[in-house]
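Asks: next comes the sequence, and after it the predicted model I'd like to discuss.
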Amino acid sequence: MATSDVFSRARSRVIWAVLTALALFGSWRLSVIPGSFVAGVELRIMQPNLQQDSKFNYSAKAQVMSQYIGLSSKETDLRPHGLRDVTHLIWPESAFPFYLNSEPDALAQIASVKFGSRLTVLWAFDRRQGPGD
């Protein structure tokens, strides 16, 4: 038997042992920590399927915003009222073709959507560094 085969098998056993240990630890940890729900919180997670060229094309700004707003407020079987009952809308970290915090019209478009009585929109975005940052 070649030395590389022995090392390959040993490495496979170590990897499986580590993954098994992590799975067991994770199962144990989740079983000993009490889970709870926060009353009145209704989450909605939106994940668009943007074409790669739209993610980095500034001229696609209106299209991207329209897709984000449309998917976010879409009525579904699970959410027949769209966003009216949602308290937290989570947008992905996928790239806007612009800096959202530098586009007042995009922020105004988000603010103008009828989200219901209270809604927090959470998203991750790059922040341009200014001279004082």
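Replies: Arrived safely, thanks for sending.
Asks: pLDDT-wise, which helix or strand of the protein ranks last?
Replies: Taking mean pLDDT, DSSP states H and E as the measure, strand 120-122 is the helix or strand of the chain with the lowest mean score, a mean of 71.
Asks: other residues contacting that one?
Replies: By Cβ atoms under 8 Å, 6 or more residues apart in numbering, the list of residues contacting strand 120-122 from outside reads 87-91, 110, 115. Placement of C-beta: from N, CA and C, glycine included.
Asks: can you list the domain ranges for the chain.
Replies: The chain resolves into domains spanning 1-36, 43-122 when parsed by automatic domain parsing.
Asks: Throw those into TSV and include mean neighbour count, thanks.
Replies: Below are those laid out as TSV (neighbours: other Cβ atoms under 10 Å):
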stretch	mean neighbour count
domain 1-36	9
domain 43-122	14
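Asks: among the ones you listed, which gets the worst mean confidence?
Replies: The weakest mean pLDDT among the domains of the chain belongs to domain 43-122, with a mean of 81.
Asks: helix/strand/coil for residue 69?
Replies: Three-state secondary structure (criterion: DSSP: H, G, I helix; E, B strand; the rest coil) places residue 69 in helix.
Asks: how close does it sit to residue 12?
Replies: Taking Cβ to Cβ, to the nearest Å as the measure, residue 69 and residue 12 are separated by 48 Å.
Asks: then residue 20?
Replies: Spatial separation of residue 20 from residue 12 under the definition Cβ to Cβ is 12 Å.
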